[in-house]
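Fold the following, please.
(4 chains)
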Amino acid sequence: GHWGEFGGRFVPEALIAALDELEAAHTAALADPAFTAELDKLGREYGNLPSPLYFAERLSEETGVEVWLKREDLNHTGAHKIRNVLGQALLTKRMGKTRIIAETGAGQHGVASATAAAYFGLECTVYMGEEDTRRQALNVARMRLLGAEVVPVTTGSRTLKDAMNEALREWVASVDHTHYLIGSVGGPAPFPQLVRDYCRGIGDEARAQFLERTGSLPDVVAACVGGGSNAMGIFTAFLDDADVKLYGFEAGGDGYDTGRHAATITAGQIGVLHGARTFVLQDEDGQTIESHSISAGLDYPGVGPEHAHLAATGRAAYEPVDDAEAMAALEKLARTEGIICAIESAHGLAGALRLAKGLKPGARVLVNLSGRGDKDMGNVVEYFGFANEKGA
Amino acid sequence: GHWGEFGGRFVPEALIAALDELEAAHTAALADPAFTAELDKLGREYGNLPSPLYFAERLSEETGVEVWLKREDLNHTGAHKIRNVLGQALLTKRMGKTRIIAETGAGQHGVASATAAAYFGLECTVYMGEEDTRRQALNVARMRLLGAEVVPVTTGSRTLKDAMNEALREWVASVDHTHYLIGSVGGPAPFPQLVRDYCRGIGDEARAQFLERTGSLPDVVAACVGGGSNAMGIFTAFLDDADVKLYGFEAGGDGYDTGRHAATITAGQIGVLHGARTFVLQDEDGQTIESHSISAGLDYPGVGPEHAHLAATGRAAYEPVDDAEAMAALEKLARTEGIICAIESAHGLAGALRLAKGLKPGARVLVNLSGRGDKDMGNVVEYFGFANEKGA
Amino acid sequence: MHAADAFAKTRAEERAALVGYLPAGYPTLADSIKAVEIMIDHGADIIELGLPYSDPVMDGPAIQKAADQALAGGFRTRQVFEVTEAVAGRVPILVMTYWNLVERYGVERFARDFAAAGGAGLITPDLIPDEAGEWIAASDAHGLDRVFLVAPSSTEERIASTVAACRGFVYAQSVMGVTGARAATSAAAPLLVERTRKHTDLPIGVGLGVRSGDQAAEIGAYGDAVIVGSAIVNCYLESDDIPAGHQKLAELTADLAEGVRR
Amino acid sequence: MHAADAFAKTRAEERAALVGYLPAGYPTLADSIKAVEIMIDHGADIIELGLPYSDPVMDGPAIQKAADQALAGGFRTRQVFEVTEAVAGRVPILVMTYWNLVERYGVERFARDFAAAGGAGLITPDLIPDEAGEWIAASDAHGLDRVFLVAPSSTEERIASTVAACRGFVYAQSVMGVTGARAATSAAAPLLVERTRKHTDLPIGVGLGVRSGDQAAEIGAYGDAVIVGSAIVNCYLESDDIPAGHQKLAELTADLAEGVRR
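Model (predicted):
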């Protein structure tokens, strides 16, 4: 449950038994060939896994390095998140629980959770900041269409952080029949390991695909980092490959210097948030500071504890990418490759393109394209001014 | 170029040379192993093909027949349309043309065309009814993000039909360097065959997958029909399997009896529209009647001529599915399987579920789930009243 | 009367014929008859009546607008016979129509009723001879002219087969593009006329883009007929009321008629 | 003063202790001192000062609101020492705090400053003994009470290890859920107290949901301390002004104090 000084369980005693049960169930499940076979089948037939590894030829020509994209945007529901929810939902069934709860910011993890709940016939309640339910009304509709209850959270800043508080509160009250399907590699142990275990297929697949396609490993693996599930998902397979450099790109928001960002590792201090010791954006007293990013999925003041550890040990490097740099990368990818990625993923790509300038020609960069951009078109319109009037 | 009395080329002489060139190029391309290999590779690595065949277990339990879904919603850009645009764009390059134009209604074919244009480095202009550019502002943004020019069409009813008129007009003026990348199995020959040839992978894959998974062929193959590309895409492989019944489901709009629908084959008369002889929704004089459907993709007063022929010969049956029945099927699929499909595809599913009531238990029904529903969430919110206020 | 009658006269006068186009029913049913009379009075040799259609893929904005207005005014296909009957006798009256309207009316029935009304023949912008079997039979049966189009993109083979199917004259689409008045006529037009002439003795009409006597004179130097459409429609679109449109049309037609007589 | 001093007195009186909770800085810094004095004056045996935190995952709406208001009013962690110093001496003062605030201040430094202010110890709702190494050392060094929580879901093993790490008393979370006044107290509470007693001689405080003297009496029958929080906060949330809140608090505390004395 710990990585160095990071991780652990900073939660009410009331949850400890459930966390112990979860840890035991998860460990047993991973050791049970029937479970892993079922999860594998589910991923293939329902989740559309493995996702393709794609060589971005035109982008590579422009940048002078080989840019390879792990196309998680092509998964069912449009992001790597399906891996996590399918794993946890199958585990929920195995534990005999009949209901899941989840927190969501922009709504992507909520939609993924509602999807898995519908698939497995589980009850589902999603906590979402009231502010976010307004900004992401279409995702609220998706969840409701899938049969989930969406509870607008009216406390605190009424965003993701508060939705997570509310989910934790609700979990204490319903823990006997309810699994808290957490959406990233954060929270109390065993969640960070568990979510990583269900997401690590990204890297396991990509590593094998890369070897098969190029006969080598990538020089650099890049991913965006909010909570960090997609990054841990792709990093894990490469942790022991000492020559493969790992880069996590955090949301630089309005610009790192403005203080309005979500660059938790770069700018945060060690603290405790949502059940784990990790880097946290906090003030002098330890009160959580609101984060800022054009990407709702990265707009979180904490980060998974394993990332904190990888940063502290130097195994992975973390740098901020601001809104403008991310959006430029998003546009570049759309125009050169015909792929509209999520704004989250555009942070990873933007970071990789920045790195590329310092790499030797022909170096191989693997970027986790963690999700598709359909959900972000409202932001894109606002940012680029692509409104109809402009061209009409 | 003809199927019985249907099809043909009812276009200005000015376009005949281009159509002849296109037909020759297409025929040569399909006979060229280098071309088909490249297209196949493109489909696999970029388009995420083949799409999975999915056994919908819970839906099957509820209906008493086996429901199998061809998951075209998992393709890059979210629908079967990527097959057509990749094929035609590769053909455009082969013909040495540097620009494509396309018509679009809701914007899906426009987005797919813009995607292919970005991928191949082609110029792209998309004609879209002004009314539609307003209703589908996010798709306009997608196209512009991908680098395409979007031209709002202000003539006629300012919708798909008029966008197609405008694209044909523009094509006459630019035919020497421009390919008209038509979006469905309509238009003058060779378009209906050409689009069918690029979409037929749906059925070819599904037939092989079905045989592999069940050892048999399906009893029924169902698909929605607007212009009819996804339906021809899945029907073609089964045309010679006499025991496999083929069903196309047209948009019944407000209800077939209200006259406000897009059930072209069921209610239309034989006529000429957009270059081909086919069924057309038209008045006594032959003026085109505006169609109506909650599904923008089915909201078209014509239909591909090969469908007209299959209907006339009885090889396939065509029935209307109204808005309410389609939306009920969409909701049912979301709640039982965790899949939010396009409203278009929901028409095919709804028709299949209606058919199921008359089939023997355990009969096998293959439905082409032609696209995902992300683009339709605005309509879904409006239809079901899933606005935030409701649950808040 | 047939197109040949008009061309016999213009050939005798060693000049090109002036073909004036107007959608039937535009600006109103009665005024479309009046407009045709004005054109004939001011020197048009042949009249081309457009049949308003909901989806006119060959036409530019001016003619689309006029057709929409005629349809919004309640125009019905059969009324083209009324217009024809009202103006027939002085010059040949041809109908230019998208094919679906004829199919829907019934090809044979249309030919019969149009011939009975005194019509000369049809110009069919979206019907090529390859698809025209029924129309060729009907036009033969009722003695109607058949005007198909050739275009700059047509191959020699297609020009040959198209002109072989024509009767009355051949319509040379002088630019690759929709109808509409243009400042400059196309450089492709003389070449297309020259190519077409190698395959036929039929008169060759040149369409698309003419809006002045000067342009008419320029085209009349190599074409057998100068076809004017959008510029005529614009007389009404750009006028405050119909009488003003009639006045403009009279002046335009006179200018064009003078042009083909230079 | 430590918790043990209060329990020595209440055990002698054969009754449960009344523990009153209020976030420091709420409704204002000065009035939180005043409120504590009111509670002591009206019979509270132990005071639990909440440390307002941005993300209070154990607390229900009432305490969240109070904490938000205190933070909005500019409350800083170090001010809890001012409040403690102002009220210490009459009854033991414990601070209930989410762990990040202590980590951020520095565990050793917090223990030192709090002890210096006359504080008795900490109640740590999101810190379990397993993660508490630094705090155990610091509390030992500065002679502070350490109150960890047990819950209905705790295993026998966890109850044993948790109480072993406690000093002063043990906090029994009587319902699976957040803080908040409830109409009925939990049936799980007596069972949890009974289970916990098997593992320790420490007093056992029962928290969550108490809002009346009757409920206090009911819990006082099996628990060693009755902890009241949300009901106290509600005195201010539901009053029009602070003086009215003070008045309500006085009445509530008196009622509760009577309850534990039945």
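
tell me which element A:Phe35 falls in.
For A:Phe35, the host element (DSSP states H and E) is helix A:33-45.

and the very next helix or strand once past that helix, average pLDDT?
Elements were assigned by DSSP H and E; along the chain past helix A:33-45, the next helix or strand is strand A:53-55. Average pLDDT, strand A:53-55: 97.

Strand A:53-55: what's the following helix or strand?
If you walk from strand A:53-55 toward the C-terminus, the next helix or strand you reach (DSSP H and E) is helix A:57-63.

Can you list the low-confidence ranges for chain C?
Chain C contains residues with pLDDT under 70 at C:181-186, C:208.

Let's verify the residue lying closest to A:Lys97 once chain neighbours are set aside: helix, strand, or coil?
Take A:Lys97 and drop its neighbours on the chain: the residue closest to it by C-beta to C-beta, 6 or more residues apart in numbering or on different chains is A:His179, 4.8 Å away. (Glycine included, C-beta is placed from N, CA and C.) Three-state assignment for A:His179 (DSSP: H, G, I helix; E, B strand; the rest coil): strand.

quick one: A:His179 from D:Asp126, how far?
With the distance defined as C-beta to C-beta, to the nearest Å, A:His179 ends up 20 Å from D:Asp126.

cool, C:Gly119 as well?
Between C:Gly119 and D:Asp126 the distance, using C-beta to C-beta, works out to 92 Å.

Then C:Ser153?
Computed as C-beta to C-beta, the C:Ser153 to D:Asp126 distance reads 77 Å.

And for A:Gly338?
With the distance defined as C-beta to C-beta, A:Gly338 ends up 48 Å from D:Asp126.

now A:Gly78
Plainly put, A:Gly78 is 35 Å away from D:Asp126 if you go by C-beta to C-beta.

again with C:Asp59
Note on C:Asp59: its distance to D:Asp126, by C-beta to C-beta, is 74 Å.

Name the single longest strand found in the chain.
Going with chain A. strand A:245-255 (DSSP state E).

wrong one, I was asking about chain C
Longest strand in chain C by number of residues, with DSSP E as the criterion: strand C:17-23.

starting at the chain centroid, how far to it?
Averaged C-alpha coordinates place strand C:17-23 at 5 Å from its chain's average position (C-alpha atoms, centre = their mean, to the nearest Å).

That one pairs with which strands?
Paired neighbours of strand C:17-23 in the sheet (DSSP bridges): strand C:46-50 (parallel), strand C:225-228 (parallel).

okay, those in JSON lines with mean neighbour count next?
Converted to JSON lines, the strands paired with strand C:17-23 look like this (neighbours: other C-beta atoms under 10 Å in any protein chain shown):
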{"stretch": "strand C:46-50", "mean neighbour count": "27"}
{"stretch": "strand C:225-228", "mean neighbour count": "28"}
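
wait, what's in contact with the closest residue to A:Ala342 other than its chain neighbours?
Distances taken as C-beta to C-beta, 6+ apart place A:Gly371 nearest to A:Ala342, at 3.6 Å, with adjacent residues excluded. Contacts here follow C-beta atoms under 8 Å, 6 or more residues apart in numbering or on different chains; on that basis A:Gly371 touches A:72-73, A:78-81, A:108, A:230, A:297, A:341-342, A:344-345.

Return the residues in contact with C:Phe81.
Under the contact definition (C-beta under 8 Å, 6+ apart), the residues listed for C:Phe81 are C:113-114, C:116-117, C:119.

hmm, 10 Å instead?
When the contact criterion is C-beta atoms under 10 Å, 6 or more residues apart in numbering or on different chains, the partners of C:Phe81 are C:24, C:88, C:95, C:110, C:113-119.

Phi and psi next, for the closest residue to chain D within the stretch 151-300 of chain A.
Of all residues in the stretch 151-300 of chain A, A:Gly286 sits closest to chain D, with a separation of 3.0 Å (C-beta to the nearest C-beta). Comment: the main-chain dihedrals of A:Gly286 come out as phi 100, psi 10, following degrees, to the nearest 10.

which residues does it contact?
Shown here is A:Gly286, whose contacts under the criterion C-beta under 10 Å, 6+ apart are A:269, A:271-273, A:280, D:51, D:53-54, D:77, D:97-105.

What segments of the stretch 151-262 of chain C are strands?
Using DSSP state E, counting those that start in this stretch, the strands assigned to the stretch 151-262 of chain C run over residues C:170-173, C:204-207, C:225-228.

Pretty sure the residue nearest to A:Lys97 sits against A:Ala18.
Yes - applying C-beta atoms under 10 Å as the test, A:His179 and A:Ala18 come out as touching, 8.4 Å apart.

Compare these two (neighbour count), which wins?
A:His179 (25 against 22; other C-beta atoms under 10 Å in any protein chain shown).

Quick check: chain neighbours aside, which residue is closest to whichever residue of the stretch 151-300 of chain A sits closest to chain B?
In the stretch 151-300 of chain A, the residue that lies nearest chain B is A:Pro152 (4.7 Å; C-beta to the nearest C-beta). Distances taken as C-beta to C-beta, 6+ apart put A:Glu130 closest to A:Pro152, at 4.1 Å, once the chain neighbours are dropped.

Can you name the residues that contact the one you found?
Contact criterion C-beta under 10 Å, 6+ apart gives A:151-155, A:158-159, A:162-163, B:388, B:392 as the residues in contact with A:Glu130.

List buried residues within these.
Buried residues within the contacts of A:Glu130, defined by neighbour count using 16 or more other C-beta atoms under 10 Å in any protein chain shown: A:151-153, A:155, A:158-159, A:162-163, B:388.

So stretch A:183-194, near chain D or not?
Yes - shown here: stretch A:183-194 in contact with chain D (C-beta under 10 Å from any C-beta of the partner chain) through A:Pro188.

Can that stretch be said to contact chain B?
No - Stretch A:183-194 lies out of reach of chain B by C-beta under 10 Å from any C-beta, never closer than 16.3 Å.
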